[in-house]
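In: below are the sequence and a predicted model for it; my questions follow.
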Amino acid sequence: MKPSTTNIARGDGNIAAGKTKEVAGKVVNSPKLQAKGAVQQVAGEFQKAVGKAQKSQGT
């Protein structure tokens, strides 16, 4: 698999996992878990953007 495709897929995975953590944090009333989920989503968005940039450069 190309690095660009890998980064896009992993970014999507991090976004999904972050959303799950954020919702779970709301359900169990855990601000710390909500924050971890939000941070993971941002990291996923960044990783996905890196993958898209790599893809546009042909790597």
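Out: Nice, thanks for sending it over. Numbering: from 1, shown residues only.
In: can I assume Gln34 is in contact with Glu22?
Out: Yes - counting by Cβ atoms under 8 Å, Glu22 is a contact partner of Gln34 at 5.2 Å. C-betas here are computed from N, CA, C, even on glycine.
In: now the residue nearest in space to the middle of the chain, what's its secondary structure?
Out: The C-alpha lying nearest the average C-alpha coordinate of the chain belongs to Gly44 (Cα atoms, centre = their mean; 2.1 Å). The local conformation at Gly44, judged by DSSP: H, G, I helix; E, B strand; the rest coil, is helix.
In: for it, which non-adjacent residue is spatially closest?
Out: Asn14 (3.0 Å; Cβ to Cβ, 6 or more residues apart in numbering).
In: next one: Asn7
Out: Spatially, and ignoring its direct neighbours in sequence, Asn7 is nearest to Gly51 (3.1 Å; Cβ to Cβ, 6+ apart).
In: with Ala35 instead?
Out: Here the nearest residue to Ala35 in space, its sequence neighbours aside, is Gly25; by Cβ to Cβ, 6+ apart that works out to 7.6 Å.
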